[in-house]
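Participant: One predicted model, sequence on top.
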Amino acid sequence: MKITVRLDDITPDMDWDKFERFKKVLDAHDIKPLIGVVPDNKDEKLSCGPFREDFWNYIKELRDSGWVIALHGFNHIYTTKEPGLFPVGGKSEFAGQPYSVQDDMLREARRIFKSHDINTDIFMAPSHSFDKKTIKSLKKNGIYKITDGFGRAPYSRFGMTFYPISVKKSSSIKDKRDGFTTFVYHVNTMNDKDFENFEKLFEQADVVSFSEFMNVEPTERSFFGNLAEFITAKTKFTVMKLRSRKGN
């Protein structure tokens, strides 16, 4: 199993020390990840450091060096408790909102990207939550790829291409079958142990750049494959919720 890397919650005022620490490991192994950039962040939880004035120019430099840029929502503000089509979370910026509202958000998000000379055709939903209305609007706005779902290869659904994420990192590392998956990281909340585990990943697994994943031809998945994904996602969310309650 080949592993690709995804970084969520990229904003001008993120924790840049942690980001650069993470990037240093990637650079040492010449790995280019997928990063989710929030077009107009309003989520105070993502504001963890000083505002970087050259943010958009820096994002373009990363893009030009081979990093893949995803549209990570719009404001990153959760407005509903709808889990959406991929129910690994219990909240959403998009799912459950009327189509007109979602379309307005995505159109403005794209406008902001384009105003900074950033063009992308891949979407990263905050909390992994989107619905059929989101997909309809994404396609209307020229976005046909989503970084989410479970599986070992890109697959097609609703006229979109999905690039699966890992159900469980340890299981993916042990999986010796052919295929790809993506490990999701939130650098703002990573601690020293998380960084140590990330560094060890390169000794344990075949880590590749996200562009290699995107070069794989997607296949059409069956109804039963989609059903299995939904059940797995719902189960994962339930287990995580129970663990959280026990921890409290």
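Facilitator: Perfect, thanks for sending it.
Participant: how deep is Y144 tucked in, by neighbour count?
Facilitator: Using other C-beta atoms under 10 Å, Y144 is surrounded by 16 other residues. Every C-beta, even on glycine, is put in place using the N, C-alpha and C of the backbone.
Participant: and what of F237?
Facilitator: For F237, the neighbour count with other C-beta under 10 Å is 17.
Participant: right, and it touches V88 too?
Facilitator: Yes. Counting by C-beta atoms under 8 Å, F237 touches V88, with 5.1 Å between them.
Participant: buried set for the top helix by length along the chain?
Facilitator: What stands out as the longest helix in the chain, according to DSSP state H, is helix 223-247. Under the neighbour-count criterion of 16 or more other C-beta atoms under 10 Å, helix 223-247 has 225, 229, 232-233, 236-237 buried.
Participant: And for stretch 13-25?
Facilitator: Buried positions in stretch 13-25, judged by neighbour count with 16+ other C-beta under 10 Å: 14-16, 18-19, 22-23.
Participant: and that stretch, what's its mean pLDDT?
Facilitator: Mean per-residue pLDDT for stretch 13-25: 98.
Participant: hmm, who's touching it?
Facilitator: Residues from elsewhere that reach stretch 13-25 (C-beta atoms under 8 Å, 6 or more residues apart in numbering): 7, 10, 41, 46-52, 185, 187-188, 190, 195, 198-199, 202.
Participant: State the mean pLDDT of stretch 115-135.
Facilitator: Here the average pLDDT along stretch 115-135 is 97.
Participant: and it, how far apart are its ends?
Facilitator: Length of stretch 115-135, first residue to last, C-alpha to C-alpha, to the nearest Å: 23 Å.
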